[in-house]
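In: Okay, sequence plus prediction incoming.
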Amino acid sequence: MSEHRSYPRQVKTDAGDIEIRLMSPGDEAAVLAFGQGLPTHDLLFLPRNISQPKVLSAWVKEIERGAITSLLAVKDGRVVGCGTLVRDPHSWSPHVGEIRMVVSSDVRGQGVGKALSQETFALALGAGLEKLSVQMTVDQQAAIALFESLGFKAEALLRDHVRDVDGKTHDIVVLGHNIAQVQAQMEAYGLPGAVQH
């Protein structure tokens, strides 16, 4: 899936220099610590609770199986963000990928999420996907604005779709992006290989 991108990559953000690299099985403990440090509310737009060891183990197995590709944002040796591209080539939607992204609260608003989302978006383009979706709770306005800046648009509102540890339900908004259209526009501008480095 990542044959068109090379990692690790160094990016400069307002939070400092960040290394973006592929997640490997050896990162399980570091990502678990990252997940356990996130506010509980941030975990609600992920399908599973990544602060649980058994969820991390299943996640690593999916990476090894090639079903998902995860990128880590690392600052000073600590995981501060994770972006994942999920797709199922055996489903009726092999052309669709889902982005899942979380960023540590201490580096939010400093360009880390933007860098991760751009890299994950580029992975999707390199994988030949035609559509992307992302979901989050409706109160995560900064994340919604970030994805809207990449061209995502609201496609659905799922009322009372997730339940937090206190039993309270929250609405989920689903954003979608027709990336095949982006690829066609890049080719029209003579930039078909712009994201394949």
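Out: Looks like it arrived, so ask away.

In: which other helices and strands contact the host helix or strand of residue 182?
Out: In this assignment (DSSP states H and E), residue 182 forms part of helix 179-188. For helix 179-188, the packing partners by 3 or more C-beta pairs under 8 Å, 6 or more residues apart in numbering; DSSP states H and E come out as helix 112-126, strand 131-137. Bear in mind the C-beta positions are built from the backbone N, C-alpha and C, glycine included.

In: count of residues packed around residue 9?
Out: For residue 9, the count of nearby residues is 14 (other C-beta atoms under 10 Å).

In: Touching, it and residue 20? I think so.
Out: Yes: when contacts are counted by C-beta atoms under 8 Å, residue 9 is listed as touching residue 20 (4.8 Å).

In: so what sits against both of the two?
Out: residue 119 (C-beta atoms under 8 Å, 6 or more residues apart in numbering).

In: Figure out how far the helix holding residue 182 is from the centre of its chain.
Out: 21 Å (C-alpha atoms, centre = their mean, to the nearest Å).

In: Give the rounded mean pLDDT of that helix.
Out: For helix 179-188, mean pLDDT is 77.

In: Run through the chain and note the low-pLDDT ranges.
Out: Per-residue confidence for the chain (pLDDT under 70) gives these ranges: 1-4, 45, 191-197.

In: now with 50?
Out: Along the chain, the parts satisfying pLDDT under 50 run over 1-3, 195-197.
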